[in-house]
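Undergrad: take this sequence and fold it.
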Amino acid sequence: MPQDAAVISATDKQQDQDKQKQAQKSQKQKTSNQKPDKPEIKEVPKAKRQPKPVALKPNIKVKPIKIIKPKIKRP
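TA: Presented below is the predicted three-dimensional model:
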């Protein structure tokens, strides 16, 4: 009978250890699944309106067109 008691107590110890390991694993999973606390956003910041960029026109010099006038000779 003492051997049976020793075997039973050994199995009980193993079961207790298994339960403790499972409990530790479940606690680790719970803590890993929890997201860190996000700070509360009281007011959403509004975007500032940006002015349109000024359109710069390039300075282009236009060559004058040479007008050809026919010379009319009078007699």
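
Undergrad: okay, now the unreliable bits of this protein?
TA: For the chain, the stretches flagged by pLDDT under 70 are 1-10, 28-36.

Undergrad: look up how far residue 20 lies from the residue positioned nearest the centre of it.
TA: Nearest residue to the geometric centre of the chain (Cα atoms, centre = their mean): residue 38, 14.8 Å. Residue 38 sits at a distance of 33 Å from residue 20 (criterion: Cβ to Cβ, to the nearest Å). C-beta here means a position set from N, CA and C on the backbone, and glycine is covered the same way.

Undergrad: go on, residue 72?
TA: For residue 72, the distance to residue 20 - Cβ to Cβ - is 120 Å.

Undergrad: please say which of those two ends up with more neighbours.
TA: Set residue 72 next to residue 20 and count neighbours by other Cβ atoms under 10 Å: residue 20 wins out with 10 against 5.
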